[in-house]
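Visitor: using only what follows, build the 3D model:
(chains A and B)
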Amino acid sequence: MTTPGLDDGVPGLRAKPPVTERRLHPVTPLRRAWAPVAVLIGWAVHDPDQAQRQLTRLTTTTLLIAVAVLVPAAALYGFLTWWYTHFAVTESELRIRTGLVFRRTVHIRLERIQAVDVTQPLLARVAGVAKLKLDVIGADKKDELAFLGEREARTLRAELLARAAGFAPETAHEVGEAPARELLRTPPRDLAIALVLTGATWGALVAALVVPPVLWFATHSLWTVLATGLPLLGAAGASSVGRFVGEYDWTVGESPDGLRIDHGLLDRSHETVPPGRVQTVRIVEPLLWRRRGWVRVELDVAGSSNSVLVPVAPREVAEAVVARVLPGVTVPPPAALSRPPRRAGRCVPVWWRGHGLAVTDAVFAARQGLLRRSVALVPHAKVQSVRLVQGPWRRLWGLADVHVDTGAGKTVTARLRDAEEAAELLRAQAERSRTGRRDALPDRWMA
Amino acid sequence: METGSGQDTEPVAGEPVWIGLPPGLLRMRRLLLVVWLGLTALALGLLLGLFAGPVWAALALLPLAAIAWGWVMLGRNWASWRYAERADDLLISRGVLWREETVVPYGRMQLVEVTSGPVERHFGLASVQLHTAAAATDATIPGLEPAEAERLRDRLTELGEARSAGL
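Guide: Residues are numbered from 1 along each chain as shown, chains lettered A, B, ... in the order given. All right, here's what the predicted structure looks like:
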C-alpha cells in the first residue's frame, strides 16, 4: 500500500507531493498555562486549613518570586510541547509526533476511523480554534489535535474523510467538504420540555436542595455541608442546565462522508460518523415522554465517547433517522416484539413484561424496561459473538438469556427466552451474522 | 451427559462435532485442590489440637469435606467443557449450574492467544483464548495439550484470515 520511501518524503520522488509535517495552532501553549493555578486551587480546596496557614506565612516577596518562577516555567513548558508536536497526513495514515522528553509517535490508520470529531470549547470559539479528534478503537485521549485553526480543522477533517473513503490521494485535497443534508433539528422548546419531563433532572435538583439543609441541622459543620452540597449542586446543574446547553441546537445531517452530528450552545461540537460504523442503536422512551410520543436515540460507535444520536424527537422522525443511519433497517413496531413466556414471571416478577425480542432480516432487536422502555438494535453484520447463558433457576423454568456482543463493547441481551427458542436463536444468529457481513459496506466506503 | 473426552462424536448430519477437554486439566485441578486443602487441614488440625484441645481439632475435618465436595465439583465442571469447530464458527459450551454457550464466527477473531502458566506448563497444558472486538466475548478453552492448542491456534488464525471482516 504505502511505500516507506514516499512517506519519509525522499527527495527522489518529486512526482508525488512529499509528506509535509505541520504544527498545531500557535495559541495551543496557552491551554496549558492554567495548569499550575489549577493544581494550587485543587490543593487549597482539598485541605483548606493547611492552605490558610501557609498563606499567612507568605510574604509579598516570596509570592512575587513564586510567580516570577512559575509563570515563565509554565509558559516554557507550553511552548516546548507545542514546538515538539507535529502531525502529518499521509496516504493511509495520520501521524502525530509529540513528547518533549519521551518521544511518542502515533500512526492512526485512516480506513479504521470510526468517527471524526471537531469540538470547540467556549474559549476556543473565542480564539477561533478547534480540536480535532479521531475515534479509533484503542486510541488514547491524548491522540487528539488540539488546537487547530477553525478553517484548518474543517479542511483537515474533509481531507481525512476523503482519504479514509478511498478517494485517490491526489484528489483528496480538492474533494473538499461533502455537502450535508439536514435530517433533523431539535427545537430548543422541545429540548427544554423533554428535560423537565426527565426524572433524573428533578432527582438531582431535589437532592441538591434537600441534602445540604438536612446535613446542616445534623452536623452544624459548614465544611461538611459545602463538601456535599457543592458536588450535588454541580450534578444538578450538569443534568439540567448543562444538558440543555450541551444538547442545544442538535442537528443531525447526512452526507456522503457519513452522519453529521452538530450540537452545543457554548461548546460547539461537530461529529462525523462514516457509513457502516454504527454498532448499535438504542431507542429509549422514558415514562413521562410516552404521552407526547417522544423518544431519545442513542448510538454506539467503537472508540467514541458520544452516545447520543437524537436527544429528543417524535417517534416517527426518530425512526426515519435510524433508517438512514442503519440502511435497510426498519424499527420493529412494538407489536412485532415477542414477549417472554408467562412463566418468566417466576424469574423476574412484573418486569418480565418489559422484555421483548424481534429478529428481522437486518437487525436483532431486544427491548427491556417496563416504565422506561428501551429497544436496542444490532445489525447482524455487527455481531461479534453470541452467547447463551442459563443459570439454575432459569433452567428450572426452561428459560435462557441470549447475549449478542458488539464491537463497541456493548452487549445486547434478549432475556428470559424459552430455552429451546434460545438455543435455536443462538444457532440462527451466528448464521445470520456471518451472512450479514457479506453485504456490509467495505471500510473504504467510496472505493 | 458428556464424558468430556470427546467420546460422543457420532457424526449426525448438521450437528457439531464436540470435543471435550483432555483429562490432564482435571488431574491438575484435583491435585492442586488436594494439596492446598490438605495442607490447610493439617495445619488447622495441628494448631487447634495443640492450643485449643482435641475437640476443636475436629474442625480440621471441614477442609477434608471441602476436598471431597470440590473433587466431585471439579469433575462435573471439567466434564461440562467442550468445544466444536464448525465450518464458519467456533462453539464453546461450559458450566454445570450456570451454563454458557458461546458462538464466535471465525471472521470476527482479532487475535488468538495461547497461554501457559508455570503450573500449567508443568502439567503439559495450555489455554487458547480468542479475542474479538467485543470485550464481552469470553471465549477461552483451558487445559489443552500444547500440540492441540497450537493446532487450534493455527487453524483458527488461518480460518480467521480467510473469512476476515472488520468491525
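Visitor: tell me where chain B has helices.
Guide: Assigned helices in chain B, in chain order: B:23-51, B:54-57, B:61-80, B:118-122, B:146-162 (criterion: DSSP state H).
Visitor: which of those comes out lowest on mean pLDDT?
Guide: Here the lowest mean pLDDT among the helices of chain B goes to helix B:54-57, at a mean of 85.
Visitor: and stretch A:367-374, which residues are buried?
Guide: Going by neighbour count (16 or more other CB atoms under 10 Å in any protein chain shown), the buried part of stretch A:367-374 is A:367-369, A:373-374. Glycine gets a C-beta too; all of them are placed from N, C-alpha and C.
Visitor: actually, stretch A:256-272.
Guide: For stretch A:256-272, by 16+ other CB under 10 Å, it's A:256-264, A:267-272.
Visitor: which residues does the most centrally placed residue in chain A contact?
Guide: Central residue of chain A (CA atoms, centre = their mean): residue A:306, 1.6 Å from the mean position. Applying CB atoms under 8 Å, 6 or more residues apart in numbering or on different chains, we find residue A:306 in contact with A:115, A:117, A:261, A:269, A:271.
Visitor: from the buried residues of stretch A:367-374, which land in helices?
Guide: Counting by DSSP H, those contribute nothing to helices.
Visitor: can you name the next helix or strand after the one helix or strand in chain A whose mean pLDDT sits lowest?
Guide: For chain A, the helix or strand with the lowest mean confidence is helix A:4-7, at a mean of 39 (criterion: mean pLDDT, DSSP states H and E). As assigned by DSSP states H and E, the chain's next helix or strand after helix A:4-7 is strand A:22-23.
Visitor: can you give me the mean pLDDT across that following strand?
Guide: On average, strand A:22-23 scores 86.
Visitor: report all helices and strands that it contacts.
Guide: Packing partners of strand A:22-23 (3 or more CB pairs under 8 Å, 6 or more residues apart in numbering or on different chains; DSSP states H and E): strand A:86-89.
Visitor: flag every residue of chain B that's near chain A.
Guide: With CB under 8 Å from any CB of the partner chain as the criterion, chain B meets chain A at residues B:88-89, B:97-105, B:107-108, B:132-139, B:165-167.
Visitor: who's in contact with the residue in the stretch 51-200 of chain A positioned nearest to chain B?
Guide: With CB to the nearest CB as the measure, residue A:137 is the residue of the stretch 51-200 of chain A nearest to chain B, at 6.7 Å. By CB under 8 Å, 6+ apart, residue A:137 lies in contact with A:112, A:114, A:302-303, A:407, B:133, B:167.
Visitor: same list (the residues you listed) but as CSV, adding secondary structure, neighbour count and pLDDT.
Guide: Output for those, formatted as CSV (DSSP: H, G, I helix; E, B strand; the rest coil; neighbours: other CB atoms under 10 Å in any protein chain shown; pLDDT from 0 to 100):
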residue, secondary structure, neighbour count, pLDDT
A:112, helix, 20, 81
A:114, coil, 22, 85
A:302, coil, 23, 84
A:303, coil, 20, 78
A:407, coil, 26, 83
B:133, coil, 23, 82
B:167, coil, 24, 60
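Visitor: could you dump those to a markdown table with distance to residue A:145?
Guide: A markdown table is the format used below for the contacts of residue A:137 (distance: CB to CB, whole Å):
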| residue | distance to residue A:145 |
| --- | --- |
| A:112 | 17 |
| A:114 | 16 |
| A:302 | 20 |
| A:303 | 16 |
| A:407 | 25 |
| B:133 | 25 |
| B:167 | 23 |
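Visitor: from those, pick the one nearest residue B:35.
Guide: Nearest to residue B:35, judged by CB to CB, of the contacts of residue A:137 is residue B:133 at 39.9 Å.
Visitor: now do the phi/psi pair for that closest one.
Guide: When read as degrees, to the nearest 10, the backbone of residue B:133 gives phi -70, psi -20.
Visitor: any idea how far it is from residue A:114?
Guide: 11 Å (CB to CB, to the nearest Å).
Visitor: please name every helix or strand in contact with the longest helix anywhere in chain A.
Guide: Counting residues, the longest helix found in chain A (DSSP H) is helix A:60-83. Packed against helix A:60-83 by the contact rule (3+ CB pairs under 8 Å, 6+ apart) you find helix A:35-46.
Visitor: what does the helix it packs on contact?
Guide: Against helix A:35-46 from outside (CB under 8 Å, 6+ apart): A:51, A:70, A:73-74.
Visitor: PyMOL command to pick out the buried ones of the residues you listed?
Guide: Here is the PyMOL command that selects the buried residues among the contacts of helix A:35-46 (16+ other CB under 10 Å):
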select buried, chain A and resi 74
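Visitor: and the furthest pair within the contacts of helix A:35-46?
Guide: Greatest spatial distance in the contacts of helix A:35-46: A:51 and A:73, 21.4 Å, computed using CB to CB.
Visitor: not counting sequence-adjacent ones, nearest residue to the spatially most central residue of chain B?
Guide: Closest to where the C-alpha atoms of chain B average out (CA atoms, centre = their mean) is residue B:142, at 4.1 Å. Leaving aside its sequence neighbours, residue B:142 sits nearest to residue B:127 (CB to CB, 6 or more residues apart in numbering or on different chains; 4.4 Å).
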